[in-house]
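# Structure, please.
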Amino acid sequence: MIDVNGLTKTYGAHRAVDDVSLTARPGRVTGFLGPNGAGKSTTMRMMVGLTPPTSGTARICGAAYADLPNPPREVGVLLDASAQHAGRTGREILTLAAMTAGLPRSRATAMLDLVSLTDEEADRRVRNYSLGMRQRLGIAVALVGEPEVLVLDEPANGLDPAGIRWMRDLLRGFAADGGTVLLSSHLLHEIEVIADDLVVIGRGRIVAEGTKASLLERAGTVVAPAETSDAAALVRACTAAGLAVTRQGDGSLRVEADGPVVGRLAHQVGVPLAQLQPAGGTGLEEMFLQLTADTQRETPATTAATTTEGRAA
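I've put the predicted structure just below:
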């Protein structure tokens, strides 16, 4: 189990991580999502003692990482696959990792088999590895100590579709056996497939957390009037009821309310509907963009459309 409470990291006047609290539970995969620069990697580095926090605590298996008696036997970590010693072979790196954890050399061979690195690849120097091979080696190092917890930052980087499928099955199996998995990824589809719980961070602060299903439900309702000319009337009715409305690029509206509420409002103002469905049906990507809209470098197309319409009005 991972228990983070009030983690904060400042660099001068910049607050990279701001009072982050989260929990990753045994038997579940927790997806840690956020735009580039949101604070994901810094938070993970603080969890495993690589970056000292300005304030707050992170406990893994009930203790700070530095206080664990044999960290590789408790938590497996992969934060940067390119950080491995380029002059050593994959077999040497795994053998050293096994010995550090107090395990026999044979554990390295077992891990090479698990991550499908051949004997020839295992005896090749890491500087000659592809990114995908480095990721497989990094996952092997994380698992070498038979840990209870995995902390993985972008573990799918460099993996081909078959490799991503393999990693997904590996992590699901790890969680099914009672392990705790916390992973970040920019591949939202993979997170949607694999994660049980989601934690979304933006500008260093947690903006949403919960089960995947509950967060998708909170995304609101997508509604489209049968006649486009009725959209303005429905927007006025929703706004008058205190509901936030966003015009989307396809002409539909996203209303921050449950479907029955939106349906009743449409009925009251005499607006027939062509579409009424949970916004969660649009998937994790749409929910992610909505939750982190004010932290994105790019302007979402839906926002741009709304802005242009507003100027035209």
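# gap between stretch 265-279 and the chain center?
Mean-position distance between stretch 265-279 and its chain equals 33 Å (C-alpha atoms, centre = their mean, to the nearest Å).
# for the closest residue in space to residue 47 that isn't next to it in sequence, what are its contacts?
Spatially, and ignoring its direct neighbours in sequence, residue 47 is nearest to residue 58 (4.3 Å; C-beta to C-beta, 6 or more residues apart in numbering). Heads up, the C-betas are built off the backbone N, CA and C, glycines and all. Residues in contact with residue 58, defined by C-beta atoms under 8 Å, 6 or more residues apart in numbering, are 2, 3, 4, 5, 7, 46, 47, 64, 65.
# The same query, at a cut-off of 6 Å, please.
4, 46, 47 (C-beta atoms under 6 Å, 6 or more residues apart in numbering).
# Pipe the residues you listed into JSON lines and attach pLDDT per row.
Shown next, in JSON lines, are these (pLDDT from 0 to 100):
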{"residue": "4", "pLDDT": "97"}
{"residue": "46", "pLDDT": "97"}
{"residue": "47", "pLDDT": "97"}
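# Out of those residues, the closest to residue 240 would be?
residue 4 (41.3 Å; C-beta to C-beta).
# So in terms of bridging, what pairs with that closest one?
residue 22, residue 58 (DSSP bridges).
# Help me confirm that it comes into contact with residue 22.
Yes. Applying C-beta atoms under 6 Å as the test, residue 4 and residue 22 come out as touching, 4.9 Å apart.
# Show me how the protein divides into domains.
Under the assignment automatic domain parsing, the domains of the chain span 2-213, 218-312.
# hang on, residue 181 in a strand?
Yes. Membership of residue 181 in a strand is supported by DSSP: H, G, I helix; E, B strand; the rest coil.
# Break down this protein into its helices, ranges please.
Taking DSSP state H as the criterion, the chain contains helices spanning 40-47, 71-74, 90-100, 106-114, 119-122, 131-143, 161-176, 188-194, 212-217, 231-240, 259-268, 284-291, 301-312.
# quick one on the thing from earlier: weakest of the domains of the chain by average pLDDT?
For the domains of the chain, mean pLDDT drops lowest on domain 218-312, to a mean of 77.
# circling back to that earlier point, for the helices of the chain, give me TSV that also has mean neighbour count and distance to residue 152.
Compiled in TSV, those are given as follows (neighbours: other C-beta atoms under 10 Å; distance: least, C-beta to C-beta, whole Å):
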stretch	mean neighbour count	distance to residue 152
helix 40-47	24	9
helix 71-74	20	15
helix 90-100	20	16
helix 106-114	18	15
helix 119-122	15	21
helix 131-143	23	7
helix 161-176	15	8
helix 188-194	18	11
helix 212-217	17	18
helix 231-240	16	41
helix 259-268	16	36
helix 284-291	20	18
helix 301-312	12	31
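# for these, which one sits closest to residue 253?
Short answer: helix 231-240, nearest of those by C-beta to C-beta, at 6.7 Å.
# Centre of the chain to the closest one, how far?
With C-alpha atoms, centre = their mean, you get 35 Å for helix 231-240.
# and what of stretch 115-129?
For stretch 115-129, the distance to the chain centre is 29 Å (C-alpha atoms, centre = their mean).
# Equivalent analysis for stretch 220-231, please.
In terms of C-alpha atoms, centre = their mean, the centre of stretch 220-231 is found 32 Å from the chain centre.
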